[in-house]
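> quick check, what structure comes out for this input:
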Amino acid sequence: MSTSIRKVRTSDLELKDRLVAINRVTKVTKGGRTFSFSAIVVVGDENGIVGYGLGKASEVTTAIAKGVEDAKKNLVKVPVFNGTIPHEQTAKFSGARVLIKPASHGTGVKAGGAMRAVLESVGVTDVLAKSKGSSNPHNLVKATLEALLQLRDAYTVAQHRGISMEKVFNG
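This next block holds a predicted model:
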């Protein structure tokens with residue numbers, strides 16, 4: 001199944017950024033150890049638009065700023081209805097596997113670390129999520145976004161099948 005990526009313009013969006021993880025990396029040189037930082041950041045307008053970015057720099061604040069700039073270049077649109085997702089979806093990226101399920105109003109975001117950041121940035125308020133396999137934050141963010149990109153709303157399904165909205169729900 002092919003997924004269509006829905007790109008978004010950043011001109012008049014109010015994006016909020018969430019830091020998912022910071023990693024200190026070391027390069028050993030002749031003069032000793034050189035430390036630098038990599039930061040993975042998720043940005044979203046909490047209304048169906050989300051993106052992630054990776055920033056690397058010798059200082060934490062610079063790495064975060066670079067991550068935010070990178071995330072703004074990779075924004076995508078995700079279908080969100082009444083604070084939840086349209087249907088259950090699984091996805092895999094490298095060793096990380098994720099399962100996201102719609103939940104009734106008042107459930108909240110039942111998800112761990114990296115998945116929680118992505119789902120809250122999208123604007124999902126009620127969802128059940130399970131991380132299986134690797135807990136690597138980079139791969140978890142990518143797998144969660146992959147699952148969100150595979151979601152299809154009823155209008156898209158009706159258009160794809162060439163039928164009316166009523167037939168989608170009534171068979």
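
> phi first, then psi, for Thr29.
Main-chain torsions, Thr29, degrees, to the nearest 10: phi -120, psi 180.

> next, count neighbours for it.
By the criterion of other Cβ atoms under 10 Å, Thr29 has 8 neighbours. From N, CA and C alone the C-beta is placed, and that goes for glycine too.

> and the gap between it and Gly133?
35 Å (Cβ to Cβ, to the nearest Å).

> same deal with Ile49?
For Ile49, the distance to Gly133 - Cβ to Cβ - is 27 Å.

> looking at these two, which is more packed in?
Ile49 (22 against 15).

> I'd guessed the more buried one sits against Pro79; true?
No: assessed by Cβ atoms under 8 Å, Ile49 is found out of contact with Pro79, at 11.2 Å.

> which parts of the chain are strands?
Remark: strands assigned in the chain by DSSP state E are 16-29, 32-44, 49-57, 76-77, 89-93, 96-102, 109-110, 127-133.

> where in this protein is pLDDT low?
In the predicted model of the chain, residues 1-12, 171 satisfy pLDDT under 70.

> try 50 this time
Within the chain, the stretches with pLDDT under 50 are 1-4.

> burial check on Leu140, number of neighbours?
Leu140, neighbours per other Cβ under 10 Å, totals 29.

> so what's it up against?
Shown in contact with Leu140 (Cβ atoms under 8 Å, 6 or more residues apart in numbering): 93, 96, 98, 113-115, 131, 134.

> turn the residues you listed into a markdown table, including distance to Val42 and neighbour count.
Listed next are those as a markdown table, based on distance: Cβ to Cβ, whole Å; neighbours: other Cβ atoms under 10 Å:
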| residue | distance to Val42 | neighbour count |
| --- | --- | --- |
| Phe93 | 15 | 20 |
| Ala96 | 15 | 24 |
| Val98 | 14 | 29 |
| Gly113 | 11 | 14 |
| Ala114 | 8 | 27 |
| Met115 | 10 | 26 |
| Ser131 | 15 | 19 |
| Ser134 | 18 | 16 |
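
> quickly name whichever of those residues is closest to Val157.
Distance to Val157 across the contacts of Leu140 (Cβ to Cβ) is lowest for Val98, with 22.0 Å.

> separation between Ser103 and His138?
Just so we're on the same page, residue 103 is Ala rather than Ser. Distance from Ala103 to His138, counting by Cβ to Cβ: 26 Å.

> ok, Thr90 next?
Going from Thr90 to His138 by Cβ to Cβ gives 19 Å.

> ok, now Ser164?
Distance of Ser164 to His138, computed by Cβ to Cβ: 42 Å.

> these two - which one has more neighbours?
Using other Cβ under 10 Å, the more surrounded residue of Ser164 and His138 is His138, with 19 against 10.
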